[in-house]
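Asker: below are the sequence and a predicted model for it; my questions follow.
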Amino acid sequence: MKYQSQLVAKPYFIAALALFFGQIVFGLIAGMQFLDGTFLFSAAHFNIVRMTHTNLLIVWLLMAFMGAAYYIVPEEAQTELYSPKLALITFWVFLIAAALTVVGYLLVPYAHLAAITGNAIVPTMGRGYLEQPLPTKIGIVLVALSLLFNVTMTLIKGRKTSINLILVGALWGLALLFLPSFYFPEDTVKASYSWWWIVHGWVEGDWELILGALLGFILIKMTGVDREIVEKWLYIIMAMVLISGLVGIGHHYYYIGAPAYWIWLGSIFSAMEPIPFMLLIAFAFKMLFQRRREHPNKAAMLWAMGTPIMAFLGAGLWGFMITLAPAQYYIHGTNFTAAHGHLAFFGAYAMVSMAIISYAMPMLRGREANSVRAQHWEIAGFWIMVLSMIGIALALTGAGLVTAYLQRSGADPLGFMQVQDRARVFFWGREIAGAGFFTGLLVYLRSFFIQGEYQYTAQVKRALAT
Amino acid sequence: MQEVFTKSMARNIFLGSAVFFLIIYLALTYDTWQQIPVRDHADKITASVIRGKYLVDTNDCIGCHTINGEGSYYAPELDNVYKRRGPEFIKLWIPAQPSGVAGRRQMPHFNFTPAQIDDIVAYLQWLSNVDTNHWPPNIEG
């Protein structure tokens, strides 16, 4: 850690992991409700459990991105953060707003929550991922403005590296793309069409740029490769993200009421969306093979190499399987989409968050890398979580295919609930894999409680002895 | 050889493609915006349909159901439920929830007035007539 103000990243990272823990607990409850529809019904309906699960995901990823920005921007700009105090105040505002929102979800019926928070004045509630009441949404905008002001001022007074320009630019994009959440037209088709500006714009556009910037920063630091090479790769990868993804948004427009030309445009362009992820893998491994130093933080390197591979699997491969219009005709709105969602969110954004946390946290705690024992726990957590998430994705894919075969095709299609009963074995598989994931998370979190730093002398002695 | 393709060339490709494809998307969106009201019969969005939609949104129906395939996969598709079940069935079904059948997925009780249920049915009827390029494949949704 080169600048004292980078320390403000620490509470963001800790809160991110705490919220991640909460997200998984609610995921397990939701998965259980697929197996027993009356499980916790009187305490929290499925929709409430689900929105808590997805909203915690978004908040913890934003926490991790913000922490990453407060860590990276000063280091890249070679100057202290413009206002560490503002960053700290913003942290508490964001955390308290998130906590109050979750308490609201769990204690107040949703329609009542809408009534007491002014939803009738500016309707925003009741859309996927954007369930937050109006005050929370305004809070998110204020938090984003504070972040943007802080990092932009830091950038202006410091060195303007490409990593920093990309990261700060993408954070501006993230904030701007959230603004359509205040636009909820009465025409459902227009509402759907514009909802994707936010959701697709974030996860299949802007966030990929953030992912690129974070990964680029980590690789420059850990491999010692010339930043000119890293940054050139990043621009090409980002160009492919936008070439494929901007018109590729059409793969959400096939069957929602938009014109039929989206079937062609969406299929052609979104079929190219795996390309940036392939380039990301090529880039990461090229940097690894060209490395000029051996960084002692092996766990961070594992996260950094694992991220592009898992992002390619979840976003690239699973995304491709459902993106072409004829395939989507049968699997649109099934658990196949949920399989893609889980593997892509985890593989791309959860993993890149854990990559930057893995790299930065030891520095924030005053050491270059954690002890070998702590890293062993972290690496074990990595593998258990990764393999469990693949299990979850395979199980949900199975459930989606059951719907495609029994409900969407054939001369005598079955009804929704009958089909769900037939898919039961896959819901069991998902829940068991989910329990595995939770175990992996506990192992991963355990690694943070193992004290001590990486001992170079002990490692050298061991190497000489063998 | 590295210098044949420089970083600033890469950056220009990125910025150029961003602007180019954004303009294309905005042009297509403008055209789509003209077509949507025809395809979804916007002239039939009555005050009742608007009230029904507001109830569907503020009770987070898509937290369990899907509408045109978007939402959650815990409960049936609502796009064509009007055609699948008919208005009378829906009017009886909603107030009868939750079923309380052991182990079966439960739908909450919402305390809607009969007028509110009429609004929801009006919205679902409007929804069932949107031109969605022949999706879902059949009546089961």
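Answerer: Cool, got the structure.
Asker: ok, which stretches of chain B are strands?
Answerer: B:66-67, B:70-71 (DSSP state E).
Asker: distance between the first one and the chain's centre?
Answerer: By that I understand strand B:66-67. Relative to its chain's centre, strand B:66-67 lies at 5 Å (C-alpha atoms, centre = their mean, to the nearest Å).
Asker: so which elements touch that strand?
Answerer: Helices and strands touching strand B:66-67, by 3 or more C-beta pairs under 8 Å, 6 or more residues apart in numbering or on different chains; DSSP states H and E: there are none. C-betas here are computed from N, CA, C, even on glycine.
Asker: got TSV for the strands of chain B, with mean pLDDT, mean neighbour count and distance to residue A:320 too?
Answerer: What follows is the strands of chain B, written out as TSV (pLDDT from 0 to 100; neighbours: other C-beta atoms under 10 Å in any protein chain shown; distance: least, C-beta to C-beta, whole Å):
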stretch	mean pLDDT	mean neighbour count	distance to residue A:320
strand B:66-67	98	24	22
strand B:70-71	98	23	20
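Asker: any idea what the spatially most central residue of chain B is bridged to?
Answerer: Residue closest to the average C-alpha location in chain B (C-alpha atoms, centre = their mean): residue B:67, at 3.9 Å. On the basis of DSSP bridges, residue B:67 is bridged to residue B:70.
Asker: distance check, it against residue A:47.
Answerer: Applying C-beta to C-beta, to the nearest Å, the value for residue B:67 to residue A:47 is 13 Å.
Asker: residue of chain A nearest chain B, please.
Answerer: residue A:47 (2.5 Å; C-beta to the nearest C-beta).
Asker: check what pLDDT that residue gets.
Answerer: What the model reports for residue A:47 is a pLDDT of 98.
Asker: could you do residue A:285 as well?
Answerer: 97.
Asker: these two touch, right, it and residue A:305?
Answerer: Yes. If you go by C-beta atoms under 8 Å, residue A:285 and residue A:305 touch, sitting 7.1 Å apart.
Asker: who's more crowded, the two?
Answerer: residue A:305 (18 against 13; other C-beta atoms under 10 Å in any protein chain shown).
Asker: surely the more buried one is in a helix?
Answerer: Yes. Using DSSP: H, G, I helix; E, B strand; the rest coil, the assignment for residue A:305 is a helix.
Asker: now it: closest residue in space that isn't a chain neighbour?
Answerer: Distances taken as C-beta to C-beta, 6 or more residues apart in numbering or on different chains put residue A:284 closest to residue A:305, at 5.8 Å, once the chain neighbours are dropped.
Asker: what helix or strand does the one you found sit in?
Answerer: Assessed by DSSP states H and E, residue A:284 sits inside helix A:274-289.
Asker: centre of the chain versus that helix, how much separation?
Answerer: Using C-alpha atoms, centre = their mean, the offset of helix A:274-289 from its chain centre is 19 Å.
Asker: just how off-centre is stretch A:154-169 within its chain?
Answerer: Counting by C-alpha atoms, centre = their mean, stretch A:154-169 comes out at 23 Å from the chain centroid.
Asker: can you list contacts of it?
Answerer: A:68-69, A:72-74, A:76-82, A:148, A:151-152, A:209-210, A:212-214, A:216-217, A:220, A:227, A:230-231, A:234-235, A:238, B:7, B:11 (C-beta atoms under 8 Å, 6 or more residues apart in numbering or on different chains).
Asker: in the helix holding residue A:284, what's buried?
Answerer: Residues of helix A:274-289 classed as buried: A:274, A:276, A:277, A:279, A:280, A:281, A:283, A:284, A:287 (neighbour count, 16 or more other C-beta atoms under 10 Å in any protein chain shown).
Asker: please enumerate the helices of chain B.
Answerer: B:7-39, B:47-58, B:81-85, B:87-93, B:114-128 (DSSP state H).
Asker: pop the domain breakdown of chain B in here.
Answerer: Domain ranges of chain B: B:1-40, B:42-141, per automatic domain parsing.
Asker: and the ones you listed, which is most packed in?
Answerer: domain B:42-141 (a mean of 18; mean count of other C-beta atoms under 10 Å in any protein chain shown).
Asker: list the contacts of residue A:363.
Answerer: Listed by C-beta under 8 Å, 6+ apart, the contact partners of residue A:363 are A:1, A:6.
Asker: hang on, the earlier thing: any of the contacts of stretch A:154-169 buried? List them.
Answerer: A:68-69, A:72-74, A:76-77, A:79-82, A:148, A:151-152, A:209-210, A:212-214, A:216-217, A:220, A:227, A:230-231, A:234-235, A:238, B:7, B:11.
Asker: what residue lies at the spatial centre of chain A?
Answerer: residue A:349 (3.0 Å).
Asker: name the nearest residue to that one, sequence neighbours excluded.
Answerer: residue A:61 is the one closest to residue A:349 (C-beta to C-beta, 6+ apart), at 5.2 Å.
Asker: is the strand or helix carrying residue A:196 positioned near chain B?
Answerer: Element membership for residue A:196, per DSSP H and E: helix A:188-201. Yes. Counting by C-beta under 8 Å from any C-beta of the partner chain, contacts between helix A:188-201 and chain B involve A:188, A:189, A:190, A:192, A:193, A:195.
Asker: pull the contacting residues for the second one.
Answerer: For residue A:189, the contacting residues are A:256, A:257, A:258, B:36, B:39, B:40, B:130, by C-beta under 8 Å, 6+ apart.
Asker: switch to 10 Å and redo it
Answerer: When the contact criterion is C-beta atoms under 10 Å, 6 or more residues apart in numbering or on different chains, the partners of residue A:189 are A:253, A:256-258, B:32, B:35-37, B:39-40, B:42, B:68, B:127, B:130-132.
Asker: surely residue A:438 is in contact with residue A:381?
Answerer: No. Residue A:438 lies out of contact with residue A:381 (C-beta atoms under 10 Å); the separation is 11.1 Å.
Asker: which one of those two has more residues nearby?
Answerer: Neighbour count, other C-beta under 10 Å: between residue A:438 and residue A:381, residue A:381 has more, with 21 against 18.
Asker: hang on, isn't the more buried one packed against residue A:439?
Answerer: Yes. Using C-beta under 10 Å, residue A:381 is in contact with residue A:439, at 9.0 Å.
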